[in-house]
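Peer 1: one predicted model, sequence on top.
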Amino acid sequence: MDEGLEEIGTPYAPQALGAYSQAVSANGFVFVSGQLGIDPETGELVEGTAGDQAAQALKNIKSILDAAGTGMEKVVKATVYMRNVEDFTEVDKAYSQVFIGSVRPARVAFGNNMIPKGALVEIDVIALA
């Protein structure tokens, strides 16, 4: 392992689909890899809408942050990738149900992306450790 880097992983979130870690802790931050709306028990995308997949992706992120000893309230930056930008309102609704603190994370969201496994949404975050 490289000095100052710690791999974060949990069975309560989907395993990586490629050559990457679920998250890496470094220099006081936790960098969570993009999470799809995959149910970690089945390994499959949850059925339903982009909002449903966003809600599951956020649950996966919470599980990873829990494993890192931090939480959703410590997220400072999020990136939301959507297959269809028209899903923004629905995805934002799921997102706003999770980030309810007085200081919400900085965020960028954009659509018309090709996402692995045919997913409708992918979300990554950076949090304080």
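Peer 2: Okay, I see it. Note that the coordinates shown come from a computational prediction; the quantities given were computed from them, not determined experimentally.
Peer 1: mind listing the strands for the protein?
Peer 2: Along the chain, the segments classed as strands by DSSP state E run 5-8, 23-26, 29-36, 38-39, 44-45, 75-82, 106-110, 121-128.
Peer 1: and the first one, what's buried?
Peer 2: So the one you mean is strand 5-8. Ile8 (16 or more other Cβ atoms under 10 Å). (C-beta placed from N, C-alpha, C; glycine too.)
Peer 1: and what of the last one?
Peer 2: By neighbour count with 16+ other Cβ under 10 Å, strand 121-128 contains the buried residues Val121, Glu122, Ile123, Asp124, Val125, Ile126, Ala127.
Peer 1: got the angle for that strand vs strand 106-110?
Peer 2: 160 degrees (axes from the mean of the first three to the mean of the last three Cα atoms, to 10 degrees).
Peer 1: low-confidence ranges, the protein, go.
Peer 2: Applying pLDDT under 70 to the chain flags residues 1-2.
Peer 1: Thr49 reaches Leu120, doesn't it?
Peer 2: Yes: Thr49 is in contact with Leu120 according to Cβ atoms under 8 Å; the separation is 7.4 Å.
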